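>>> Quick one: sequence and predicted model below, then my questions.
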Amino acid sequence: MDLYLVRHGETESNKQKRYQGWMESPLSERGLKQAERVGLFLGGKNIERLYCSDLKRALHTARAIGASCGLKPEVTPLLREIYFGRWEGLTYNEIEAAWGEDIKRWFDDPFTRAAPDGETMEQVCNRMLAFLDQLAAKKPDCRQAAVVSHGGSIRALLQHILKLDRDSFWDLKIDNASISMVRREENGYRVIYYNRVDHLKTEAEEELPDGI
């Protein structure tokens, strides 16, 4: 099975650099266009199943994909973003002003440390792996599926599959509306590519010479 892991389109909170977590924030105008372009790209990939987080930014992105693929998104909270607890809706500077060194310690080790009342990245990764296990058990014959999730969640899953040191976690860049593809094989999952964004360019942008 090939899984296309899609991060939702840009939101208004992304533009403001706020920690969204489970907080709802609508797609921006740019995010809506990004979702449409993801849909156009995946519309030619023979997608058989479409899954998404139950947070609205993921659902709205998935609906754009579904419009191109002729599929209705199947919603699950297992695909949610990391829960930031009391940091939700705040910027880095606001968090730093109220929690001092806590945010810096979290960046040093997000797998075992959490925001106040929040989740660790290890918990997020376990949720994502639980989703993969359920998918393999319930849809063993599915060959192509699209999964709309979030930057932290996709990053945590890719770090696990790639078996990277935890120090390398922040090196994995996952942009809004990017696509990462993993393949389920006999001995587990393999990353084919990650953070693909060429589908987001318009024809006019693709025709520009290098350096413009």
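Yep, that arrived.
>>> neighbours around His160, how many?
When neighbours are counted by other Cβ atoms under 10 Å, His160 registers 16. All C-beta atoms are positioned from the backbone trio N, CA, C, and that covers glycine.
>>> That one contacts Leu132, correct?
No: applying Cβ atoms under 8 Å, one finds His160 not in contact with Leu132, separated by 10.1 Å.
>>> Might you report the residue contacts of the closest residue in space to Phe131 that isn't next to it in sequence?
Counting by Cβ to Cβ, 6 or more residues apart in numbering, Phe131 lies nearest to Leu78, which is 4.1 Å off, once chain neighbours are set aside. For Leu78, the contacting residues are 127-128, 130-131, 134, by Cβ atoms under 8 Å, 6 or more residues apart in numbering.
>>> at 10 Å what do you get?
Leu78 makes contact with 51, 53-54, 124, 126-135, 149, 153, according to Cβ atoms under 10 Å, 6 or more residues apart in numbering.
>>> Packing partners of the longest helix seen in the chain?
Across the chain, the longest stretch assigned as helix under DSSP state H is helix 121-138. Judged by 3 or more Cβ pairs under 10 Å, 6 or more residues apart in numbering; DSSP states H and E, helix 121-138 is in contact with strand 2-7, strand 49-52, strand 144-149, helix 151-162, strand 179-185, strand 188-196.
>>> From Gly152, how far out is the nearest residue to Pro110 once chain neighbours are set aside?
Using Cβ to Cβ, 6+ apart and skipping the chain neighbours, the partner closest in space to Pro110 is Met121 (4.4 Å). Going from Met121 to Gly152 by Cβ to Cβ, to the nearest Å gives 7 Å.
>>> residues bridging contact with the two, i.e. touching both?
By Cβ under 10 Å, 6+ apart, Met121 and Gly152 have these common neighbours: 82, 110, 169.
>>> Point out where this protein drops to low pLDDT.
Scanning the chain for pLDDT under 70 picks out the ranges 202-212.
>>> Which entries within the contacts of Leu78 meet the buried criterion?
Neighbour-count burial (16 or more other Cβ atoms under 10 Å) applied to the contacts of Leu78 gives 51, 53, 124, 127-129, 131-132, 135, 149, 153.
>>> Buried subset of the shared contacts of Met121 and Gly152 as a ChimeraX selection?
Of those, the buried ones go into a single ChimeraX selection, burial set by 16+ other Cβ under 10 Å:
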select :82,110,169
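>>> gap between the residue most central in space within the chain and Cys52?
Geometric centre of the chain, nearest residue: His150, 2.7 Å, by Cα atoms, centre = their mean. Distance, His150 to Cys52, by Cβ to Cβ: 10 Å.
>>> Now do the shared contacts for these two.
Jointly contacting His150 and Cys52 under the rule Cβ under 10 Å, 6+ apart are 6, 8, 58, 79.
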